[in-house]
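# Fold the following and give me the result.
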Amino acid sequence: QVQLVESGGTLVQAGDSLRLSCVLSGHTFSQYSMGWFRQAPGKEREFGAAISWNGFSTYYADSFQGRFTISRDNTKNTVYLQMNNLRPEDTAVYYCGASPDYARLEYVKADYWGQGTQVTVSS
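Prediction:
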């Protein structure tokens, strides 16, 4: 059974950087495209970034473009989200998701989800 475990969320100040990690277990990591998503209080879960199984293709939502970078290490079964110049509006629970279909991730559709990690940005 596939499991995703996120880590790295914490309380930071505006302007700080943070790197989130998500480890996949229970299946072959390289068979999945991966995505990062977030859900702020009172809002729906939104797509942030996606990366293809081999890392050659990435796609970002406007809210992630320019400050956040998605990457993966298939030798470690891990996908990362590097977040720079964080803002209070980035406060949310961040989730990773896995899908064999790269195109589905943009629509907040994934076959497997992690439990989320809280990122709080203070002003």
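
# What residues does the residue minimising distance to the centre of the chain make contact with?
Geometric centre of the chain, nearest residue: W36, 2.2 Å, by C-alpha atoms, centre = their mean. W36 is in contact with 20, 22, 48-50, 64, 68, 70, 79, 81, 94-97, counting by C-beta atoms under 8 Å, 6 or more residues apart in numbering. Every C-beta, even on glycine, is put in place using the N, C-alpha and C of the backbone.

# Just list whatever residues bridge to it.
Per DSSP bridges, the residues bridged to W36 are A49, C96.

# tell me the pLDDT at it?
Per-residue pLDDT puts W36 at 98.

# Quick check: it vs L86, distance?
14 Å (C-beta to C-beta, to the nearest Å).

# Ok, F37 next?
17 Å.

# ditto for S71
Distance from S71 to L86, by C-beta to C-beta: 18 Å.

# Also R38?
12 Å.

# Can you find the helix or strand of this structure with the lowest average pLDDT?
helix 102-105 (a mean of 96; mean pLDDT, DSSP states H and E).

# how many other residues sit next to R19?
If you count neighbours by other C-beta atoms under 10 Å, R19 ends up with 13.

# Please name the residues that touch it.
8, 80-83.

# just the strands in the protein please.
3-7, 11-13, 18-25, 33-39, 46-51, 58-60, 68-73, 78-83, 92-99, 112-113, 117-122 (DSSP state E).
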